[in-house]
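Student: Sequence and predicted structure are below.
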Amino acid sequence: MIWLVMGVTGCGKTTLGKALADRLNISFFDADDFHPPNNRTKLLRDEPLTDMDRWPWLGILASKMPEWNKGGGAVLACSALKDAYRQVLANSAVPMRVVWIEITPEQAKKRLSTRKHDLVGQYEKILQGQFADLEKPRGAVTVPAGLGIDQQVDWVIAGGDSH
C-alpha cells in the first residue's frame, strides 16, 4: 500500500511521512525530489506551478508507485491538493490511503517563517495559491497539524477522524 500524506506547504508532510514510514518500517519518498527540471526552475524563482506543470510530475510519481508497492509499500509526501491530482496517483492501480494534514493559513505562515527549503525561497505567494487550490479530500484520514508527531502517527494508524 502507498500512504499519500498530503496538504499545503508547511503542514508537516515530510515530518509525518518520515515518522509514519519509520513506524511502519517502509520506504519514504518526497514528491519534491521527482520534479522535472522546468518545475524546479519555476519554484526556485518563487513562481507557482500550473496544472500543466504538475501533470508530468504526477505522472512520474504514479509510474513509481507500483514499484514502491512491490517493495513492501511506501509513504509519499505530496501536496496533491486537487482531486484530479489525487486521481492521477490513484490510477497507478495500487492500494492508496490518503492522509490529509489539516492546517490553517495562520499556522502554516508561522511554520514557514523559520523554514528554509531548497526549492522555494518566498512562501507567501506559493502558500496563497495552495490554499486557493486545496480541495479537501473525501475518505481521507484527517490529521490536525497541531498534534505532536507521535500523536499524528498514532492517529493515522488508528484511522483518525475519517470523513
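Tutor: Thanks, I have the structure now. Keep in mind that what you see is a predicted model, and the values were worked out from it rather than measured.

Student: Please tell me how far the residue nearest to L147 when sequence neighbours are not counted sits from D53.
Tutor: Counting by C-beta to C-beta, 6 or more residues apart in numbering, W155 is the residue found nearest to L147 once chain neighbours are left out, at 6.5 Å. C-betas here are computed from N, CA, C, even on glycine. Distance of W155 to D53, given as C-beta to C-beta, to the nearest Å: 32 Å.

Student: does R54 really touch A84, like I thought?
Tutor: No. Assessed by C-beta atoms under 8 Å, R54 is found out of contact with A84, at 9.3 Å.

Student: Neighbour count for those two, which is higher?
Tutor: R54 (20 against 13; other C-beta atoms under 10 Å).

Student: who's in contact with that one?
Tutor: 39, 85 (C-beta atoms under 8 Å, 6 or more residues apart in numbering).

Student: That one in helix, strand or coil?
Tutor: helix (DSSP: H, G, I helix; E, B strand; the rest coil).

Student: What of the one 5 residues further on?
Tutor: What three-state DSSP gives for G59 is helix.

Student: Which of the helices and strands in this structure ranks last by mean pLDDT?
Tutor: helix 123-133 (a mean of 78; mean pLDDT, DSSP states H and E).

Student: Just the C-alpha atoms of the first helix or strand past that one going along the chain, please, in CSV.
Tutor: Toward the C-terminus, helix 123-133 is succeeded by strand 141-144 as the next helix or strand (DSSP states H and E). Provided in CSV are the C-alpha atoms of strand 141-144 (Å, rounded to 0.1, in the frame of the first residue of the first chain):
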residue,chain,number,x,y,z
VAL,A,141,-7.6,10.2,7.4
THR,A,142,-7.7,13.9,8.5
VAL,A,143,-4.8,14.8,10.9
PRO,A,144,-4.8,18.0,12.8
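
Student: Thanks again, I'm all set now.
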